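Colleague: The sequence and its predicted three-dimensional model are supplied below.
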Amino acid sequence: MTTLKDPLLDIENLNVCFGGDRRPVVQDVSLSLSRGEILALVGESGSGKSVTVKSVMRLIDHQGGHITAGRILLHDRGPAEPADLARFGERQMRRVRGSRIAMIFQDPMTSLNPVMTIGHQLTEAIREHRPDVGTPPKARAIEMLERVRLTDPMRRFDQYPHELSGGMRQRVMIAMALICEPDILIADEPTTALDVTVQAEILQLIRSLQEQTGMGVLFITHDMGVVAEVADRVAVMLSGRVVEQGPVARIFDAPEHAYTRKLLDAAPKFRTAGKLPDRLAAERERAEAPVLWVRHLSTRFPVRSGLLRRHRANLHAVSDVSFDLHAGETLAVIGESGCGKSTLAKSLLRLVPAQEGQAYLAKQDLLGLEGDALRAARDNIQMVFQDPYAALDPRMSVRQILREPLRIRGLHRTDAAGDARLGALIARVGLPSDSLDRYPHQFSGGQRQRICIARALTMQPKVLIADEPVSALDVAIQAQILALLADLKREQRLALIFISHDMAVVERVADRILVMYRGMIVEEGPAEKVLAAPAHPYTRRLLEAVPVSHPGQRFIRDMSGPVTRAPIFPIGAQMQLPRWEMVSPGHRYCVEGGSA
């Protein structure tokens with residue numbers, strides 16, 4: 001653990017209110033941060049974490065917030081008196097932001113300028129805050145993009161934010177925050193949307209830079225594994241107050257507050273969850289015919305180049321994927337961004353066209369249906385998307401959202417009958433009875449995800465595809481959503497395809513696992529066998545990147561490895577067929593295949 005050094009930041013009895021309401025949203029918060037220290041701020045949504053750190057940056061002033069009491073003392077090197085940021089004006093804060101305090105925001109798409117290239121935004125930060133640096137701004141920007149392991153940094157320099165994936169945009173945000181070498185880095189859920197390997201790389205990068213420069217890090221997260229991985233000290237927030245703080249080992253070993261114990265108990269812990277009871281039932285049901293049967297599914301996207309944008313090659317997003325899914329079974333699909341997980345799901349739903357293969361659901365080939373037949377088949381296969389707010393129409397009430405699938409299929413007969421059905425559905429997913437006449441923005445993130453699950457269940461499907469359904473949720477809400485899915489699976493014998501990058505969650509819910517790499521399945525088998533004895537090198541790399549469950553288990557990882565994005569082959573190139581090797585009954589891995 002890093003020993004405490006010179007003080008950097010002291011927050012004393014901070015109170016923050018919004019609008020004309022004089023009741024504090026953040027009340028009597030006191031925190032301290034020293035040079036070379038990582039302080040993790042944890043708690044559920046609405047606990048006041050983001051309000052506290054945005055007050056340090058004085059960004060809360062632009063969001064209707066007001067600091068009504070307390071001090072925010074920023075220390076400088078030497079004997080000079082600390083500056084009270086709570087008393088600074090906007091002109092003074094502009095000299096502090098970026099140069100002395102930088103922030104990584106949770107949603108990079110809303111934080112990056114969509115009309116400016118990545119390179120322009122990075123060099124702008126250098127010119128604004130570090131014009132005296134000897135290295136040319138472009139060279140410095142490309143060097144920082146390399147340090148955050150962004151592929152092909154020269155090309156990314158000239159691209160716009162919308163041309164990058166979510167994980168790439170987050171790396172750009174991290175590069176922008178670190179490029180001026182600030183004294184304090186505020187990281188607001190910086191790894192929530194990242195793959196487990198990318199997360200490990202970013203955490204190591206932050207830790208390495210912090211040790212090299214003496215930077216202090218204020219790290220906001222709901223992932224207790226990340227806390228165990230990087231934090232020196234922990235502060236726990238509940239209802240706008242700090243209810244407990246102390247060294248990370250003490251917080252994990254002997255938490256004093258009941259809420260801290262609740263957070264630690266709710267957090268999924270990799271390789272400690274044990275086998276869930278319903279997995280035994282799934283084994284018995286596997287003797288039945290599969291509810292979904294997929295063979296040799298391939299999905300390719302054209303790659304165009306040249307002045308006339310001719311179709312010169314294909315990006316093989318999904319290549320020769322085959323699997324079975326049985327009633328009451330959870331099949332987890334794991335892998336990094338770009339490996340083909342979401343494209344596989346969208347291909348099964350016919351949201352993107354597949355070029356080859358078969359996918360039989362209820363004795364119907366999904367890939368061969370069109371028009372009314374396809375719409376009818378989709379009643380039996382539904383999807384829960386990763387971002388519930390983006391998946392719900394903000395102009396529609398929950399009642400309208402849930403009625404829409406029934407209306408489209410002509411199943412909405414009378415208002416009375418429909419309302420009874422919708423009321424039962426809302427109760428089933430654990431939402432209050434008055435939810436039907438409210439709008440998505442009036443719910444928390446976890447409640448919005450429940451609405452998405454309710455909408456997916458409206459047509460009583462046989463297969464539910466859940467694409468990262470809990471990645472952005474707090475650990476307590478995660479546990480509720482996972483318990484809800486387990487109940488639905490058990491009671492309705494729902495077959496579940498669960499796409500995730502969180503290995504602890506996968507261990508908790510999965511009966512079987514498919515590992516995808518560059519569009520192909522490289523390993524598959526029962527969850528306990530794949531997680532306990534991974535056979536493919538890529539599977540081992542994924543599991544080695546999982547955050548530790550206790551600070552005493554930290555170790556240095558070697559995260560160097562091949563790029564996992566889908567391969568591009570010339571038109572007409574023949575894929576080498578995979579050759580499989582059995583590890584144990586039902587557990588196999590790919591030893592060859594995937595090249596042109």
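Modeller: Right, received. Where do you want to start?
Colleague: in what helix or strand does the nearest residue to residue 364 once chain neighbours are set aside lie?
Modeller: The shortest distance from residue 364 to any residue other than its chain neighbours is 5.3 Å, reached at residue 377 (C-beta to C-beta, 6 or more residues apart in numbering). Placement of C-beta: from N, CA and C, glycine included. In the assignment (DSSP states H and E), residue 377 maps to helix 371-377.
Colleague: you'd agree residue 453 is in a helix?
Modeller: Yes. If the criterion is DSSP: H, G, I helix; E, B strand; the rest coil, then residue 453 is within a helix.
Colleague: Count the residues that sit near it.
Modeller: The tally of other residues near residue 453 (other C-beta atoms under 10 Å) stands at 24.
Colleague: distance of it from residue 391?
Modeller: Per C-beta to C-beta, to the nearest Å, residue 453 is found 11 Å from residue 391.
Colleague: ditto for residue 402
Modeller: For residue 402, the distance to residue 391 equals 13 Å [C-beta to C-beta].
Colleague: Provide a list of residues in contact with residue 455.
Modeller: 401-402, 404-405 (C-beta atoms under 8 Å, 6 or more residues apart in numbering).
Colleague: mind checking how far it is from residue 301?
Modeller: From residue 455 to residue 301 the distance is 28 Å (C-beta to C-beta).
Colleague: shouldn't residue 519 be in contact with residue 318?
Modeller: Yes. In this structure, residue 519 is within contact of residue 318 by C-beta atoms under 8 Å, at 5.2 Å.
Colleague: ok so, going back, neighbour-wise, which of residue 402 and residue 391 wins?
Modeller: residue 402 (23 against 19).
Colleague: Which helix or strand contains that one?
Modeller: Per DSSP H and E: helix 398-408 holds residue 402.
Colleague: which secondary structure elements does that helix contact?
Modeller: For helix 398-408, the packing partners by 3 or more C-beta pairs under 8 Å, 6 or more residues apart in numbering; DSSP states H and E come out as helix 415-428, helix 445-457.
Colleague: can you tell me which of the ones you listed comes nearest to residue 221?
Modeller: Smallest distance to residue 221 across the helices and strands packed on helix 398-408 (C-beta to C-beta): 15.0 Å, for helix 445-457.
Colleague: how far does that closest one sit from the chain's center?
Modeller: Taking C-alpha atoms, centre = their mean, to the nearest Å, one finds helix 445-457 lying 17 Å from the centre of the chain it belongs to.
Colleague: I'd like the next helix or strand past that helix.
Modeller: With DSSP H and E, the next secondary element past helix 445-457 is strand 463-467.
Colleague: The helix or strand just after that next one - contacts with which helices or strands?
Modeller: Using DSSP H and E, the helix or strand that follows strand 463-467 towards the C-terminus is helix 475-492. If you count contacts as 3+ C-beta pairs under 8 Å, 6+ apart, helix 475-492 packs onto helix 258-266, helix 278-285, helix 445-457, strand 463-467, strand 495-499, helix 503-509.
Colleague: Kindly calculate the angle that the helix or strand following the last one makes with strand 495-499.
Modeller: Pointing back at helix 503-509 there. Toward the C-terminal end, the helix or strand that comes next after helix 503-509 (DSSP H and E) is strand 512-517. On the basis of axes from the mean of the first three to the mean of the last three C-alpha atoms, to 10 degrees, strand 512-517 is oriented at 30 degrees to strand 495-499.
Colleague: could you give the mean pLDDT of strand 512-517?
Modeller: Strand 512-517 shows a mean pLDDT of 94.
Colleague: what lines up beside that strand in the sheet?
Modeller: Strand pairing for strand 512-517, using DSSP bridges, gives strand 330-334 (parallel), strand 520-526 (antiparallel).
Colleague: Most tightly packed of those?
Modeller: strand 330-334 (a mean of 26; mean count of other C-beta atoms under 10 Å).
Colleague: Enumerate the positions of whichever helix or strand comes after that strand that are buried.
Modeller: Per DSSP H and E, strand 330-334 leads on to helix 341-348 as the next helix or strand towards the C-terminus. Buried residues in helix 341-348, counted by 16 or more other C-beta atoms under 10 Å: 341-348.
Colleague: what packs against helix 341-348?
Modeller: Short answer (3+ C-beta pairs under 8 Å, 6+ apart): helix 341-348 packs on strand 292-305, strand 310-325, strand 330-334, strand 463-467, strand 495-499.
Colleague: Please name every helix or strand in contact with the first one.
Modeller: Think strand 292-305. Going by 3+ C-beta pairs under 8 Å, 6+ apart, strand 292-305 lies up against strand 310-325, helix 341-348, strand 356-361.
Colleague: Now do that strand against helix 341-348, angle only.
Modeller: Going by the same axes, to 10 degrees, strand 292-305 makes 110 degrees with helix 341-348.
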